[in-house]
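Trainee: with the sequence up front, the predicted model follows.
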Amino acid sequence: MTYPQLFLACSLMTLGGSILILQLLPDALMRSLIWILTHSFYRLRVEGRNNIPGKEGALFVSNHLSMADAFFVIASTDRHIRFLICERVYEKWWIKPFARLLRSIPISSDLHPQEMINSLQEASHWIKEGNVVCISAEDQIKQIGQTLPFHRIMQKIVKSVDVPILPVHLNNVWGSIFSSERGWSFLRVLHRIPYPVTVSYGRSMSRQTPPPNVQQAVQELGAEARGQHKSGVKSLHRKAN
């Protein structure tokens, strides 16, 4: 074979191998792309990384600020995480293809109790196998930047599995590209790229922990993250100098 033919053969074999890998592990490609995009547009800081279980199953419970919350959680850990997503959001045409690649679990409203039970059972089975499920325990994305009451789905997921609940807080996401502050404009934050975001992991909590206690733990993580963020901001007179 000539050198051009050799390079062509190697290229075709590489292309074939890549296509095969993408068919076998599409979620791995998606997570890699999310990691690259997140770290390109955001300056991600992770607090409490040592609180993340190494191989054991766990339920991550986070606050809900934007359409990109899952991206920040994925980019902050190497654990394979499946997300519980409201069915009406999952079925949106521009979300469903990515949600399916990430093997997200759609959960229906109370109007479809059997479908909800099936989703909860799937999440519990995934955790029982030593994996991680993440839910946004607030019923909807914030419109005012404040934490909304947590629902009790987390207790139903871990009812039959003895795994810890891990509180997760996303800080400074409010006001970023995909949050609801002042609309959904990309131009308003172009000058702040990479946008600073902090993902904080708290200490694991018992599966019997009531939702209000988990909410309090998430809020405490947020207070700590905001305190650290403010400590790095110069006062006006220092900026003037």
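Mentor: Yes, it's here.
Trainee: could you use CA atoms for every contact and neighbour count after this?
Mentor: OK.
Trainee: so is residue 53 in a helix, a strand, or just coil?
Mentor: coil (DSSP: H, G, I helix; E, B strand; the rest coil).
Trainee: what does stretch 68-78 contact?
Mentor: 31, 34-35, 38-39, 44, 46, 49, 80-81, 83, 170, 178, 199 (CA atoms under 8 Å, 6 or more residues apart in numbering).
Trainee: how about the nearest residue to residue 102, chain neighbours excluded?
Mentor: Computed as CA to CA, 6 or more residues apart in numbering, the closest residue to residue 102 that is not its neighbour in sequence is residue 27, at 5.1 Å.
Trainee: can you give me the buried ones in the helix or strand containing that neighbour?
Mentor: Element membership of residue 27 [criterion: DSSP states H and E] is helix 26-41. Using 16 or more other CA atoms under 10 Å as the test for burial, helix 26-41 gives 26, 27, 30, 31, 34, 35, 38, 39.
Trainee: the residue nearest to residue 102 against residue 101, yeah?
Mentor: Yes. Residue 27 lies in contact with residue 101 (CA atoms under 8 Å); the separation is 5.1 Å.
Trainee: for the residue nearest to residue 102, what are its contacts?
Mentor: Here residue 27 is in contact with 101, 102, 103 (criterion: CA under 8 Å, 6+ apart).
Trainee: pull the contacting residues for the first one.
Mentor: Neighbouring residues of residue 101 by CA under 8 Å, 6+ apart: 26, 27, 30.
Trainee: tell me how far the second one lies from residue 20.
Mentor: Remark: distance between residue 27 and residue 20 (CA to CA, to the nearest Å) = 13 Å.
Trainee: tell me the confidence at the residue nearest the centre of the chain?
Mentor: Centroid-nearest residue in the chain, with CA atoms, centre = their mean: residue 70, separated by 2.4 Å. On pLDDT, residue 70 comes in at 92.
Trainee: right, and the helix or strand after the strand or helix carrying residue 89?
Mentor: Using DSSP H and E, the element containing residue 89 is helix 87-90. Moving toward the C-terminus from helix 87-90, the next helix or strand (DSSP H and E) is helix 96-101.
Trainee: restrict that next one to CA atoms and write it as CSV.
Mentor: The C-alpha coordinates for helix 96-101 follow below in CSV (Å, rounded to 0.1, in the frame of the first residue of the first chain):
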residue,chain,number,x,y,z
LYS,A,96,-36.3,14.7,24.2
PRO,A,97,-33.4,13.6,21.9
PHE,A,98,-30.8,14.7,24.5
ALA,A,99,-32.8,13.4,27.4
ARG,A,100,-33.0,10.0,25.8
LEU,A,101,-29.2,9.9,25.1
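Trainee: for the chain, which segments count as helices?
Mentor: Taking DSSP state H as the criterion, the chain contains helices spanning 3-24, 26-41, 69-75, 87-90, 96-101, 113-128, 153-157, 211-231, 236-240.
Trainee: tell me the most buried of the ones you listed?
Mentor: Of the helices of the chain, the one with the most neighbours on average (mean count of other CA atoms under 10 Å) is helix 69-75, at a mean of 20.
Trainee: starting at the chain centroid, how far to it?
Mentor: Mean-position distance between helix 69-75 and its chain equals 3 Å (CA atoms, centre = their mean, to the nearest Å).
Trainee: could you do stretch 71-86 as well?
Mentor: On CA atoms, centre = their mean, the centre of stretch 71-86 falls 4 Å from that of its chain.
Trainee: distance between the ends of that stretch?
Mentor: Note: stretch 71-86 ends 16 Å apart using CA to CA.
Trainee: got it, and stretch 104-124?
Mentor: 13 Å.
Trainee: and the contacts of it?
Mentor: Applying CA under 8 Å, 6+ apart, the contact partners of stretch 104-124 are 82-88, 90, 133, 156-158, 160-161.
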